Structures are given as structure tokens and as C-alpha cells.
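Participant: Would you be able to build a 3D model of this:
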Amino acid sequence: MTEEHSNALVWQARPTEDVLQELLPAEMAAEEASALADELPEIRRRFEGGPELVRRNLSEMTTFLRASEADVGRMMGRGFFRNMWSRLTGRQARDEMEVRQNLTRVQARALCVTERLLERQEYLEQATRFVGARIELLSMENLKLKAALVRLGQRIFDRVESLEDRVSRLEQRSDSLERRVSLSEFFQSGFSVSAQLPYERISDPLERVLRLTMDFSKAAGGEWRPIDFYRLEKMALSEARVTDELQFSISELVDRAANLRDKKLLEWLSAGSLQERLMAPPDESSDDARSFYPLHFLFQRPHWFVKQGLPRAGLQMIAVEIGQYGLDPDERLGLWQIAQLLLEERLAWSMESGELLAAQAKKEALPSPQSLDLGVYTLRSLPVGDVAVQDLYLVADELLVLGWMRRGAELCLMHFTPDGFKRISRQPNWNRAAKLVVGGNSLWTLSADRRGADGWIFDRQNPVDPWSWRSITLPSVGGIDGLAAKGAAVVGWRMNRVYLRDAKGNFFDHPVPRRVVDCAIYGGGLYILDESELYDWRPSSDLFAPIARLTDGFMGQRVETSESGKTALIQARDRQGCEALIAVKPNPMGEAEQNRQFFQDKLETFAMADDDHAVVQTADGHLWRFSQVPSEERISALAPAGHERLELLACDGAGHFAGLDRAEGIIHVFLCR
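Facilitator: Here you go, the predicted model:
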């Protein structure tokens, strides 16, 4: 290692007196610097520990630094505050008046200690991921301390490039580039991927700010730079209409939170295992968590309250309860303020826990992703060019892209031609369109009134205009909840009833014992999935029968089937957030055979390649082959054409798959056999 590179790895802490003089009167700064010179070695020893403890120390330190004199009475009841005070001063925080009088001095000491802790690489590594971004969001009364923290955060960011060896830096840059492309598309579109609407069209203001915050956090991969936050603020205050002009009292937020119904939004707000800590019976640990994350507590508590069987009339008890944890019941929060507080809390939770997912249980070890010869063949590699890609679809092995041509910034569906991507002539009302569903040689989306479907059917025999437009209405009562298709056959469902229009134009409907989650059409019928059971419905013979019940607390999320219908593949999730794929092979002689595979990461998407194989993409971007053949490994890593990280996996149900390599700006189409 060269001397220059070695020096680059060292954090240069500022002289203690220089830091103190920014925050304290000169005489007090000199006195404190002299005291710290003797005490620093012992103080640093009190902050030793592994990665988890380092993250928690940094999280608690930044929370400690934001405390004001007015907070002292409440904060002295929190274990982390007392613990931090003791480690910084060597004395217990017992006298409220003494703590209030010395708070500024001890916070100045905390900043000096942070400078010294960053000399340890384990602290600097964690700080580069979270501290700088969190500092940008901290709301603090002490403006001098905030300014000093912001300067510290900038110096942390300046050191990011010197933390890892060459290989790690290249990986970090690749990940960073992927995040930046994802964020760029997010900022350009003004469109909520989670709601499938422009933000300005989301009528409920609380849902609008929560979706904006969730979409930004996901696009950023849970980490962001100060410039990303500034771009978010600009977007929020303009086209997204998330401003502080509209404000809610804590009581109003409790009422609105109780009415949130979107599962993905509620799952995101639960922040994995954070919910378990926040909803635990009162003790020092749960009290500390609620003080750290009061806004997450506010949004999680109403649903927990109702699930316990408590009357909705008692929800306002929550507003009083929240007052114990740092949110004044009489305070009014603006929409942008809510976004800032949520983002700050999520960064703090990332620092404390190291992840934003529930603790994973019952998981089997998966093989390490590597390039393996498992029958994966690249057919085409297509440059994206100027197109901003939101999603990919393969219809009869033809590639379609939903996205924006950067010049016009209008969402549209495009197909690939020898001259690049071209807009398909007929387009639905994208402002109200749901996610598209592939049905073999067709592609469909819910109609604007949600009473039917609009879509295209591909006809290779018509080279002039191969994408014929269809629009159908299903005989449902009210709007359709979801949609599935195969060719010209379309099925929609509402609550616990399914409506089918077959390929010949005939209509059928059938009730289901519980609310429908998903459906999948095969040649002779369709599979219907509710949260706990899979059914087989064959309208031509009027057969409707349960074929598989989910066990061990798993709840159904999605179902796919092979072309023949001999295998159904169910995505399921248990109460701890553990995900699994369950392959079901109906057995005419008895109960259906089930094969279950757990995954270490959340499932992004999956598709059947044939009766015995599926391709699965996990949230970390890796591809896997899931096999039902006894002589084969049940789960095997895939790396098509050497590309190990592909996003937006698409399939056509016949073994053709496509994935986007954002870093290279290329869409790869490949065949898996």
C-alpha cells in the first residue's frame, strides 16, 4: 500500500479546542479541552464494541446531540440518555437542574468524542452510510451545534472513497450508480410506483406524503446523499404538493393512520422488527424505542390498537400516550415535516439495527451466486438509450418497456424495433392504470373505471400493426381489485368473488370463501388464491374445489402457474416476514403435493419456466432456479451471460426472460431451460 493511500485511510480528527470553541465561550472551551485531554482514553474505551454496538452508539449519539434544554425532564427518563451522559461525563444524570445547566457543555464534549471515535475504521465505515444523511434532517434548536454537525457530516462524506480496498470501492460505486439511476427516474417521473398514480393525483394528503417517503426510500436503497434529499424537497414542495401549508394535529394523524389500508404501505411503516419493539409492553427498552421513533410509533399504534379488539372510540388515548415520547399532543405537523421526521427515524433505525427488515427465521442457506451452466442462454442484449425504464414485459418473446422517453417525460408503453424503442400507437389512461399483467400473447391493465380491462393482443401475422387493442367490461358489482389474463381470457376479482371472461367471450363468476388475493389462468381453468388456501375452478365443468391449504402461519401473496396447469407456484409470507415459494402439484387421488423453499431475502418476482422449474429474483438482485425434479438441486444460483445483477425480471411463461442492467444501460433477453 502506498504512503499516499495509507494516509487516505486515516480520519484526521480536528483539535479538541477548535471544536469546542465553535460551541462554547473561549474560557469554558479551554477548560473543557484540558479536562478532555485526560479523560478521552477512558471515554473511548466506553464506546468499544462490534458493528451492531457501533451503529447503536452512533444512533444514540446523534439523538443525544439533538436534545434541547426543554427536553431534559423527559429525556432523563430514557435509559439511552442516562447511559450516554454517564459514558461522556463519568457521572450519573440524577439532578435535572444540573443536567439542564450542563447540557450544552456535554453536547460539545460529545461532538469531540465523535471526532475521536471516527478514527476507528468500524465507526467511520458506519458513519459514511448513515450519519451524514441523518444530520441533514436533524431538527435542532442549537443552531451552532447543528452547523458544527453539518460540517462534520460533510467531512464524513469526503472520506467515503478512502474506506475500502479497490474491489470494494468498485462494488460500492456500482451499487451507488444503480441507486442514482433509480433515484433519477424517481425524480424525473413525479409518479408513485406504489400507488400507480402521479403524486398530485393521490387525494388523501397523508397517503401522499407516506407514499412519497416510501418510494424515495426504496429508490435510494435505504441510503441517500444530502443532494438526494434536497432534490426530494424540491419535488415534494412543487409537483408532489407535500408542503407544510397543510398541517395535522397529533389526534388527526392518529385517526388518519387508523384508516390506512394499503398492505405494502403498512408493511413499510412497520420497518420490520422495529414494530415488535415499539408495540412491546412498556419497559425501559420499549420506552427508549418509542422516544427514538415516535412517528413510527404514531403510525403503527392505531392498527395494533384495533387488532387487539380495543374500541376505535379509544384511539385518542394514543395521542396522549405519544406525548410521553416527544411529540406534543397539541403540536401540529406539516406534510413535509412528517416526511423529514420519518426519513430521520428510518436512518436512525438503520444505524441501530443494520437493516430495515424483520429478523429472518426458518431460513435455509442458499448457495452463493456465481456463474453456473444451468441452461441459461442469452438471446439478445438491447441498449436502453434515452429511455427511462419503469418496468419490462415479455409478450410472446417480444420485449415491451413501460417508461419515459426523456425528452417528453410522458409515461408510455414501447416495443423494440430495429430503430430502437418505439411508442405503441394505442395507450390507456396511465394516470389511473394499475400494474400491467402478461397473459401469454397479451398484456392487460385495469380500465380507468376499474370495471374491466384494457390491453393488447400480439399477432405475429400482422407485421403492420401486431398489437391489436382490446377493451372489455366484467359484470362485477363495483371496481375490480385485481386482474390476471391468458391470451384473450381475462379474470378479475372483487372481495370474495371472481369474474371470468374466457377467450370466446363467455362470462362466468363464482364466490370464494374468503377475500381473493390472486388468480392464475391455465388451459382448462384457473387457480384462485386467498390468504390461506388455493382453489381450482373449471367453469366448463362447474368444478370448484380447494386443493391446498397454507400451513405454519403462512399467508398467500401471489400465484403463478405453468402453461399446462400441472403446477401452481405460491408466494407466501409468515407473521415474522419470512418469505417462501410453495410449489403445488394437484393430485386427483388425494391432497396436493407441496414443496416449500425459504429465501433469505424478500422475493422481488418469480415466473414458471415449465411444469418443474421456475426462475426467482430476490430483492438483492440475484436470480435463482427453483426445481421440482428430484434428481436436481431444489435451488440453484443463476448468472445469465455473466450478468449477476439484473432488475425488473420479466417473463413470457415459455422460458424466455428479460432483465435490466441499469449500470450498463442494457436489457438482456435470455432463455432458461
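Participant: Every contact and neighbour count from this point should use C-alpha atoms.
Facilitator: Will do.
Participant: Who are the contact partners of Arg596?
Facilitator: Ala580, Leu581, Ile582, Ala583 (Cα atoms under 8 Å, 6 or more residues apart in numbering).
Participant: In a markdown table: those, plus distance to Arg208, pLDDT and secondary structure.
Facilitator: Output for those, formatted as a markdown table (distance: Cα to Cα, whole Å; pLDDT from 0 to 100; DSSP: H, G, I helix; E, B strand; the rest coil):
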| residue | distance to Arg208 | pLDDT | secondary structure |
| --- | --- | --- | --- |
| Ala580 | 31 | 84 | strand |
| Leu581 | 32 | 87 | strand |
| Ile582 | 35 | 88 | strand |
| Ala583 | 37 | 88 | strand |
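Participant: lowest-confidence helix or strand of this structure?
Facilitator: Sorting the helices and strands of the chain by mean pLDDT, DSSP states H and E puts helix 3-8 at the bottom, at a mean of 40.
Participant: next SSE after that helix?
Facilitator: Per DSSP states H and E, the first helix or strand lying C-terminal to helix 3-8 is helix 16-21.
Participant: Output the contacting helices and strands for the helix or strand that comes right after that next one.
Facilitator: The helix or strand immediately downstream of helix 16-21 is helix 26-46, counting by DSSP H and E. Applying 3 or more Cα pairs under 8 Å, 6 or more residues apart in numbering; DSSP states H and E, we find helix 26-46 packed against helix 16-21, helix 79-89, helix 96-117.
Participant: how does it look with 7 Å?
Facilitator: When contacts are defined as 3 or more Cα pairs under 7 Å, 6 or more residues apart in numbering; DSSP states H and E, helix 26-46 sits against helix 16-21, helix 79-89.
Participant: nearest to Gly665, of these?
Facilitator: Counting by Cα to Cα, Gly665 lies closest to helix 16-21 out of the helices and strands packed on helix 26-46; the figure is 45.4 Å.
Participant: got the buried residues for the closest one?
Facilitator: Buried residues in helix 16-21, counted by 16 or more other Cα atoms under 10 Å: Thr16, Glu17, Val19, Leu20, Gln21.
Participant: same question, stretch 261-275
Facilitator: Buried residues in stretch 261-275, counting neighbours by 16+ other Cα under 10 Å, are found at Leu265, Leu266, Trp268, Leu269, Ser270, Ala271, Gly272, Ser273, Leu274, Gln275.
Participant: before we move on, what about stretch 311-319?
Facilitator: Neighbour-count burial for stretch 311-319 [16+ other Cα under 10 Å]: Leu315, Gln316, Ile318, Ala319.
Participant: pLDDT (mean, whole number) over stretch 220-234?
Facilitator: Taken as a whole, stretch 220-234 has an average pLDDT of 76.
Participant: Offset the numbering so it begins at 791, please.
Facilitator: With 791 as the first residue, the last one maps to stretch 1010-1024.
Participant: So for that stretch, first residue to last residue, what's the gap.
Facilitator: 16 Å (Cα to Cα, to the nearest Å).
Participant: sorry, back to before: can you put the helices and strands packed on helix 816-836 in CSV and add mean pLDDT and distance to Val1459?
Facilitator: Shown next, in CSV, are those (pLDDT from 0 to 100; distance: least, Cα to Cα, whole Å):
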stretch, mean pLDDT, distance to Val1459
helix 806-811, 88, 56
helix 869-879, 87, 52
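Participant: could you redo these as TSV and give each row distance to Trp1414?
Facilitator: As requested, the helices and strands packed on helix 816-836 are arranged in TSV below (distance: least, Cα to Cα, whole Å):
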stretch	distance to Trp1414
helix 806-811	52
helix 869-879	43
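Participant: could the buried residues of helix 806-811 go into JSON lines alongside distance to Ser1215?
Facilitator: Formatted as JSON lines, these follow (distance: Cα to Cα, whole Å):
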{"residue": "Thr806", "distance to Ser1215": "67"}
{"residue": "Glu807", "distance to Ser1215": "69"}
{"residue": "Val809", "distance to Ser1215": "63"}
{"residue": "Leu810", "distance to Ser1215": "66"}
{"residue": "Gln811", "distance to Ser1215": "67"}
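Participant: For the residues you listed, which two are the farthest from each other?
Facilitator: Pairwise distances across the buried residues of helix 806-811 peak at 8.7 Å for Thr806 and Gln811 (criterion: Cα to Cα).
Participant: next one: phi and psi at Gln1361?
Facilitator: Main-chain dihedrals, Gln1361, degrees, to the nearest 10: phi -90, psi 130.
Participant: Work out for me the element the residue nearest the centre of the chain sits within.
Facilitator: Central residue check for the chain by Cα atoms, centre = their mean: the C-alpha nearest the mean position is that of Lys1008, 4.3 Å away. Assessed by DSSP H and E, Lys1008 sits inside helix 995-1009.
Participant: What residues sit buried inside that helix?
Facilitator: Buried, per 16+ other Cα under 10 Å, within helix 995-1009: 995-1007, 1009.
Participant: Dump those residues to CSV, plus distance to Ser1081.
Facilitator: Output for those, formatted as CSV (distance: Cα to Cα, whole Å):
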residue, distance to Ser1081
Pro995, 26
Leu996, 22
Glu997, 24
Arg998, 25
Val999, 22
Leu1000, 21
Arg1001, 24
Leu1002, 24
Thr1003, 21
Met1004, 22
Asp1005, 25
Phe1006, 24
Ser1007, 22
Ala1009, 27
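Participant: Specify which member of the buried residues of helix 806-811 is nearest to Phe871.
Facilitator: Looking across those and measuring by Cα to Cα, the closest to Phe871 is Leu810, at 21.2 Å.
Participant: tell me the contacts of that closest one?
Facilitator: When contacts are counted by Cα atoms under 7 Å, 6 or more residues apart in numbering, Leu810 is found next to Ala819, Ala898.
Participant: mind redoing it with 6 Å?
Facilitator: Leu810 makes contact with Ala819 under the criterion Cα atoms under 6 Å, 6 or more residues apart in numbering.
Participant: Against Ala816, how distant is it?
Facilitator: Taking Cα to Cα, one finds Leu810 at 8 Å from Ala816.
Participant: With Tyr1115 instead?
Facilitator: Tyr1115 is 36 Å from Ala816, where distance means Cα to Cα.
Participant: likewise Val1096?
Facilitator: Distance, Val1096 to Ala816, by Cα to Cα: 56 Å.
Participant: just Val1044 next, same as before
Facilitator: Separation of Val1044 from Ala816 (Cα to Cα): 47 Å.
Participant: do the same with Gly1175
Facilitator: 59 Å.
Participant: in stretch 1312-1323, what counts as buried?
Facilitator: Here stretch 1312-1323 shows Tyr1312, Gly1315, Leu1316, Tyr1317, Ile1318, Leu1319, Asp1320, Glu1321, Ser1322, Glu1323 as buried, counting by 16+ other Cα under 10 Å.
Participant: Which of these sits closest to Leu1022?
Facilitator: Nearest to Leu1022 among the buried residues of stretch 1312-1323 is Glu1321, at 36.2 Å by Cα to Cα.
Participant: Just the pLDDT at the closest one, thanks.
Facilitator: Looking at Glu1321, its pLDDT reads 86.
Participant: just checking, it touches Arg1348?
Facilitator: No: contact criterion Cα atoms under 6 Å: Glu1321 and Arg1348 do not qualify, at 9.3 Å.
Participant: in the stretch 1191-1340 of the chain, which spans are strands?
Facilitator: For the stretch 1191-1340 of the chain, strands defined by DSSP state E, counting those that start in this stretch occupy the ranges 1201-1207, 1210-1213, 1227-1228, 1232-1236, 1242-1248, 1257-1263, 1272-1276, 1279-1284, 1287-1291, 1297-1301, 1306-1312, 1315-1320, 1323-1328, 1333-1339.
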